[in-house]
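Asks: Turn this into a structure:
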Amino acid sequence: MNQTEWKKKKMNRFIIVSILLVVGRLYDATTTYLYTPDLLNESNVLVVFFGARWISIVAVQIIFIVGLIYLYFFYLFRFRAIRCTEKDLTLKGYISYLFFGNTTSFEKMFYRIPKNRNAFFAYIGYVTSMTLLTVSYIVGTSTVLLLTSESYRLVYNKGIPYILYGIMVGLAICFSWQFFKNKYNEQKGYIL
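Replies: Residues are numbered from 1 along each chain as shown. Have a look, this model is predicted:
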């Protein structure tokens, strides 16, 4: 595949993911509005902890989605992972090198902001975009079930919101793994 075809493929991917993100957020917001227009039954963190109303939620969503789409664009078109010339590089060592510039700082990623801000922004752009894209449709569908199924409504209050949050965390972990594994495989191609 030549460079022009590769760029076109990446641009198509960017457009599709961006559209799916916007549609997914609209789907989630619309089903939420239909189910709880007064937000009394909403489990969104902004509503539960901060008492946000619709205007605040919509404003935050717009700002968040625009920023996220930019970070996804950054991931696809601006980010170039730094090359590590160390032989026998493990995935753990590569993640450490990607974020901190050495192969021995892996544990720091759990409590420090990475030194390599570009890698961090690309990581956030990919992982958050993919996670939110998937979660938007799952949560929207859950809300449709709340609107249409009495039996689902009965089960929902027995822990479904916690399951949904668990799915969100699980997806973020899976997409993180995918991000690091893809970059690591690219890195291995550089060394060979």
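Asks: Find the helix or strand that the spatially closest residue to residue 34 that is not a sequence neighbour is a member of.
Replies: Nearest residue to residue 34 in three dimensions, chain neighbours excluded: residue 147, at 6.0 Å (CB to CB, 6 or more residues apart in numbering). Backbone N, C-alpha and C define where each C-beta goes, glycine included. Using DSSP states H and E, residue 147 sits within helix 117-148.
Asks: and what of residue 43?
Replies: Short version, using DSSP H and E: residue 43 is in no helix or strand.
Asks: What residues does the most centrally placed residue in the chain make contact with?
Replies: Central residue of the chain (CA atoms, centre = their mean): residue 128, 1.6 Å from the mean position. Neighbour list for residue 128: 68, 71, 172 [criterion: CB atoms under 8 Å, 6 or more residues apart in numbering].
Asks: Could you check the helix or strand harbouring the last one and say which residues are buried?
Replies: Looking back up the chat, that one is residue 172. Taking DSSP H and E as the criterion, residue 172 maps to helix 160-191. Using 16 or more other CB atoms under 10 Å as the test for burial, helix 160-191 gives 160, 167-168, 171-172, 175-176, 179-180, 183-184, 187.
Asks: angle of that helix against helix 117-148?
Replies: 150 degrees (axes from the mean of the first three to the mean of the last three CA atoms, to 10 degrees).
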